[in-house]
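Undergrad: Need the 3D shape of this:
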Amino acid sequence: MDIQLRKAEYWQKAVLRNLMELYSYDFSVIEGDDVDEFGLFGYRYLDHYWTEAGRYPYLVKVDGVLVGFVLLREGTYFDQLAEEYPFPPMKVTEFFVLRKYRRKGVGRYVAREVFNRYPRRWEVAQVVNDVEAQAFWRRIIDEYTHGQFEEHFLNDANWHGPVLIFDNSL
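TA: Residues are numbered from 1 along each chain as shown. Below is the predicted model:
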């Protein structure tokens, strides 16, 4: 299986938007979201990935077939830590692999690849009701860090749910 992770170019924004609808559909069971009057969920931050520094959109292909995406953003959920590191911490803001390609190592490969591309402090937050994502990220980060990570539960204006933290810059 040939898994490719490539930074999404501006001309691929519509492709990412389409995949985001599938992601949002999956998430609607957890978050309770509905489509708008045009039949779309929408994602209000998508344009920001091409207009703001510190945001990184990626597309995922398997054997040349588009199967998902990952969106990364510099920043922290912990305001008191913002100035402690030489590079801003990195967050996984959205992560999606089509159901057909799940449990085949695609998500594991993509997660490891993005971690390796950005050596620094990482914060990976999960929605409080998304137990599948929580299990995935705990397993992946535990393997990646050999158990050298922290788990916090936030309940503030920045986030509500678990956040896994590790530093791969050491």
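
Undergrad: lowest confidence element among the helices and strands of this protein?
TA: The weakest-scoring helix or strand in the chain, judged by mean pLDDT, DSSP states H and E, is helix 13-31 (a mean of 85).

Undergrad: List the buried residues in that one.
TA: 16, 19-20, 23-24, 27 (16 or more other C-beta atoms under 10 Å). Placement of C-beta: from N, CA and C, glycine included.

Undergrad: same deal with stretch 55-74?
TA: Buried-residue list, stretch 55-74, by 16+ other C-beta under 10 Å: 55-60, 62, 66-74.

Undergrad: sorry, back to before: show me the contact partners of the least confident helix or strand of the chain.
TA: Identification of contacts with helix 13-31 by C-beta atoms under 8 Å, 6 or more residues apart in numbering yields 8, 33-34, 40-43, 46-47, 49-50, 57, 59, 66, 68-69, 94, 96, 98-99, 127, 129-130.

Undergrad: Leu72: what secondary structure?
TA: Recorded secondary structure, Leu72: strand (DSSP: H, G, I helix; E, B strand; the rest coil).

Undergrad: Equivalent analysis for His152, please.
TA: Per three-state DSSP, His152 ends up strand.

Undergrad: my guess is it meets Gly161, correct?
TA: No. When contacts are counted by C-beta atoms under 8 Å, His152 is not listed as touching Gly161 (9.8 Å).

Undergrad: just to revisit the earlier point, after the least confident helix or strand of the chain, next one along is what?
TA: helix 48-51 (DSSP states H and E).

Undergrad: Can you tell me how far the nearest residue to Phe96 once chain neighbours are set aside is from Glu132?
TA: Residue nearest to Phe96 in three dimensions, not counting chain neighbours: Tyr23, with 4.1 Å by C-beta to C-beta, 6 or more residues apart in numbering. According to C-beta to C-beta, to the nearest Å, Tyr23 stands 13 Å off from Glu132.

Undergrad: which parts of the strand or helix carrying Glu132 are buried?
TA: For Glu132, the enclosing helix or strand under DSSP H and E is helix 131-145. Of all the residues in helix 131-145, those buried under the rule 16+ other C-beta under 10 Å are 133-134, 136-138, 140-141, 144-145.

Undergrad: Can I get it in PDB, CA atoms only?
TA: In PDB, the C-alpha atoms belonging to helix 131-145 read as follows (Å, rounded to 0.1, in the frame of the first residue of the first chain):
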ATOM      1  CA  VAL A 131     -14.300   7.600  22.300                       C
ATOM      2  CA  GLU A 132     -13.100   6.000  19.000                       C
ATOM      3  CA  ALA A 133     -10.800   9.000  18.300                       C
ATOM      4  CA  GLN A 134      -9.600   9.000  21.900                       C
ATOM      5  CA  ALA A 135      -8.700   5.300  21.700                       C
ATOM      6  CA  PHE A 136      -7.000   5.900  18.300                       C
ATOM      7  CA  TRP A 137      -4.900   8.800  19.500                       C
ATOM      8  CA  ARG A 138      -3.900   7.200  22.800                       C
ATOM      9  CA  ARG A 139      -2.700   4.100  20.900                       C
ATOM     10  CA  ILE A 140      -0.900   6.000  18.200                       C
ATOM     11  CA  ILE A 141       0.800   8.500  20.500                       C
ATOM     12  CA  ASP A 142       1.700   5.800  23.100                       C
ATOM     13  CA  GLU A 143       3.400   3.900  20.300                       C
ATOM     14  CA  TYR A 144       5.100   6.900  18.800                       C
ATOM     15  CA  THR A 145       6.400   8.300  22.100                       C
END
